[in-house]
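**Student:** Got a sequence here, can you model it:
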Amino acid sequence: MIVAVATNNGKTISKHLALSKKIAFYNFPEVSLIKTVPNPIMQMIKENNIKLEKNSSGVRHLKVGQKLPRFLAEQGADVFIAQTLGEGFKQNLLRLGILPVLTDNKNIEEAIKAIEVI
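**Tutor:** Now for the predicted structure:
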């Protein structure tokens, strides 16, 4: 099983999915790193010089909840661990067969070890 997390430093889970630098993929239950790849949302922001200002409703309209789940599925993720996820993001993960797991734990390895998969 492959577990994915958004991270900036490879050790902790990033609070902001769209603004994280990387996505790390781990084997579960071994907690061994498979690969770390650039976050495609951050790549899109840089390549298109997108300003990160929120609009009046507090939204950036980057379509993270649509784009990131598709990317995770293409990369073979079975589980995605995050500190927060919007409802649309969760539904898109589930639709693609990826289990969303919320955690308060910031440490990637500890969060993966704590997963209880049915």
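
**Student:** mind checking how far the lowest-mean-pLDDT helix or strand in the chain is from the chain centre?
**Tutor:** For the chain, counting by mean pLDDT, DSSP states H and E, helix 40-47 ranks last in confidence among helices and strands (a mean of 81). Here helix 40-47 shows a centroid-to-chain-centroid distance of 14 Å under the convention Cα atoms, centre = their mean, to the nearest Å.

**Student:** can you give me how far the lengthiest helix in the chain is from the chain middle?
**Tutor:** Secondary structure of the chain per DSSP state H: the longest helix is helix 64-74. Going by Cα atoms, centre = their mean, the spacing between the C-alpha centre of helix 64-74 and its chain's C-alpha centre is 9 Å.

**Student:** With stretch 33-49 instead?
**Tutor:** 11 Å.

**Student:** go on, stretch 71-89?
**Tutor:** With Cα atoms, centre = their mean as the basis, the mean position of stretch 71-89 lies at 5 Å from the chain mean.

**Student:** and if you look at stretch 25-38?
**Tutor:** Worked out by Cα atoms, centre = their mean, stretch 25-38 lies 13 Å from the chain centre.

**Student:** quick one, strands of this structure?
**Tutor:** Remark: strands assigned in the chain by DSSP state E are 2-7, 22-27, 32-38, 79-82, 99-102.

**Student:** Save these as TSV, and put in distance to residue 68 too.
**Tutor:** Any C-beta I mention is one placed from the backbone N, CA and C, and that applies to glycine too. Putting the strands of the chain into TSV (distance: least, Cβ to Cβ, whole Å) gives the following:
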stretch	distance to residue 68
strand 2-7	8
strand 22-27	8
strand 32-38	12
strand 79-82	8
strand 99-102	11
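
**Student:** Let's have those strands in a markdown table, adding mean pLDDT and mean neighbour count.
**Tutor:** Compiled in a markdown table, the strands of the chain are given as follows (pLDDT from 0 to 100; neighbours: other Cβ atoms under 10 Å):
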| stretch | mean pLDDT | mean neighbour count |
| --- | --- | --- |
| strand 2-7 | 97 | 24 |
| strand 22-27 | 97 | 20 |
| strand 32-38 | 96 | 13 |
| strand 79-82 | 96 | 23 |
| strand 99-102 | 96 | 16 |
